[in-house]
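**Student:** got a sequence here, can you model it:
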Amino acid sequence: MTEREPEQNEASLEQLAEGMRRVANGQFDTKLPDCTGGPYRSIIRDFNRMTDSLIEVEALRESFVSDVAHEFKTPLAYIQGYATLLQDDDLSPEMRNRYTKNICNATQRLANMVGTFLDISNLSRPTARLETNVFSLDEQLRHVMALFMPQIERKNLSYEVDLEEVDIDANESLLENIWVNLLSNALKYTKDGGHVGVSLERRSRQAIVMVSDTGCGMTKNQIRHAFDRFYQGDQSHMSTGTGLGLAIVKAVAKKHGGTVSIESELYRGTTFTVILPLKQTR
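**Tutor:** Coordinates of the predicted model:
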């Protein structure tokens, strides 16, 4: 038994070296046979776990590239199509203005998407510095709510705003992005005559913000994937967004050391709860 051990060890070491060469060449699906014993058993198991992770990362990368290409395809097609139509010398001034406006809209959507991608990329970097300042969170929520009042009135929605006075040390612009995304979703999926609500309370050293609606609600599968990038549970709204809003909400909350959760019942409504840590501000 002791005479065969060196051969087994040498074989395991050679397999490990060959596996590392394959991974270095991009063969992330490389797997090594698990050893029942010997000094390299734990190393080989860690190697196999590493390749499993690399496969997941590669799948996410391919999915991201595919999703980005898909999102860019529609506005680019609009720009190309209307630019081609503008080459018609007999085009009326009215039609020329309309086509130009459509090109500008498609270009703006592309610019917005690029900005969103950069925001997510920056938020995902652990080393990214978070610039913060102390401000009134309740005042910020009132301001965002006011921005949506024309839409609330147009849809004849009832609303409730219940806000405690809370100061927070955070990135003001990024937090505003959370509330804009959540309220935008609430209004989008709530039918005329429905109800939306925003509440804020201080609980110990945390700020608890809840955004609720009486909209269409979500299935368990939609809740499970709601924060995935590019996920759009309601296919009827595919043309109105990128599917990145909730991904940004989660990324911003996480960057501030907070969390976001969903409670929803199909056809009865949804409540998003954002919990943010509070430093001693006053």
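
**Student:** secondary structure element for the nearest residue to V68 once chain neighbours are set aside?
**Tutor:** Spatial nearest neighbour of V68, excluding adjacent residues (Cβ to Cβ, 6 or more residues apart in numbering): F117 at 7.1 Å. For glycine as for every other residue, the C-beta is placed from the backbone atoms N, C-alpha and C. Assigned by DSSP states H and E, F117 belongs to helix 93-124.

**Student:** which helices and strands does that helix pack with?
**Tutor:** helix 41-85, helix 245-255 (3 or more Cβ pairs under 8 Å, 6 or more residues apart in numbering; DSSP states H and E).

**Student:** show me what counts as buried in the last one.
**Tutor:** Buried residues in helix 245-255, defined by neighbour count with 16 or more other Cβ atoms under 10 Å: G245, L246, A247, I248, V249, K250, A251, V252, A253, K255.

**Student:** pLDDT of that helix, averaged?
**Tutor:** Here helix 245-255 scores 86 as its mean pLDDT.

**Student:** could you list every helix and strand in contact with it?
**Tutor:** helix 93-124, helix 172-188, strand 259-265, strand 269-277.

**Student:** partner strands of the last one, with direction?
**Tutor:** Pairing partners of strand 269-277, with direction, according to DSSP bridges: strand 206-213 (antiparallel), strand 259-265 (antiparallel).

**Student:** got the phi and psi for A170?
**Tutor:** A170 has phi and psi values of phi -160, psi 180 when expressed as degrees, to the nearest 10.

**Student:** with T219 instead?
**Tutor:** With angles defined as degrees, to the nearest 10, T219 sits at phi -80, psi 170.

**Student:** what's the closest non-adjacent residue to it?
**Tutor:** Using Cβ to Cβ, 6+ apart, the closest residue to T219 is L266 (5.9 Å).

**Student:** where does the stretch 51-200 of the chain dip in pLDDT?
**Tutor:** Flagging of the stretch 51-200 of the chain using pLDDT under 70 yields the residue ranges 60-61, 63-64, 67, 70-71, 116, 119-121, 123-128.

**Student:** can we see that at 80?
**Tutor:** Applying pLDDT under 80 to the stretch 51-200 of the chain picks out residues 56-71, 74, 109, 112-129.

**Student:** what separates the helix holding F117 from the chain centre, distance-wise?
**Tutor:** Distance of helix 93-124 from its chain centroid, counting by Cα atoms, centre = their mean, to the nearest Å, is 19 Å.

**Student:** that older thread, how many neighbours does the residue nearest to V68 have?
**Tutor:** 16 (other Cβ atoms under 10 Å).

**Student:** isn't it up against V65?
**Tutor:** No. Using Cβ atoms under 8 Å, F117 is not in contact with V65, being 11.7 Å away.

**Student:** quick check: buried residues in whichever strand or helix holds F135?
**Tutor:** Applying DSSP H and E as the criterion places F135 in strand 133-136. Residues F135, S136 are the ones in strand 133-136 that count as buried (16+ other Cβ under 10 Å).

**Student:** one step back: point out the most buried one among the strands paired with strand 269-277.
**Tutor:** strand 206-213 (a mean of 21; mean count of other Cβ atoms under 10 Å).

**Student:** contacts for that strand?
**Tutor:** Outside strand 206-213, the residues that touch it by Cβ atoms under 8 Å, 6 or more residues apart in numbering are 137, 141, 166, 168, 179, 182-183, 186-187, 189-190, 194-202, 269-278.

**Student:** relative to S158, how far out is the nearest residue to R45 once chain neighbours are set aside?
**Tutor:** Using Cβ to Cβ, 6+ apart and skipping the chain neighbours, the partner closest in space to R45 is D34 (6.4 Å). Distance, D34 to S158, by Cβ to Cβ, to the nearest Å: 62 Å.
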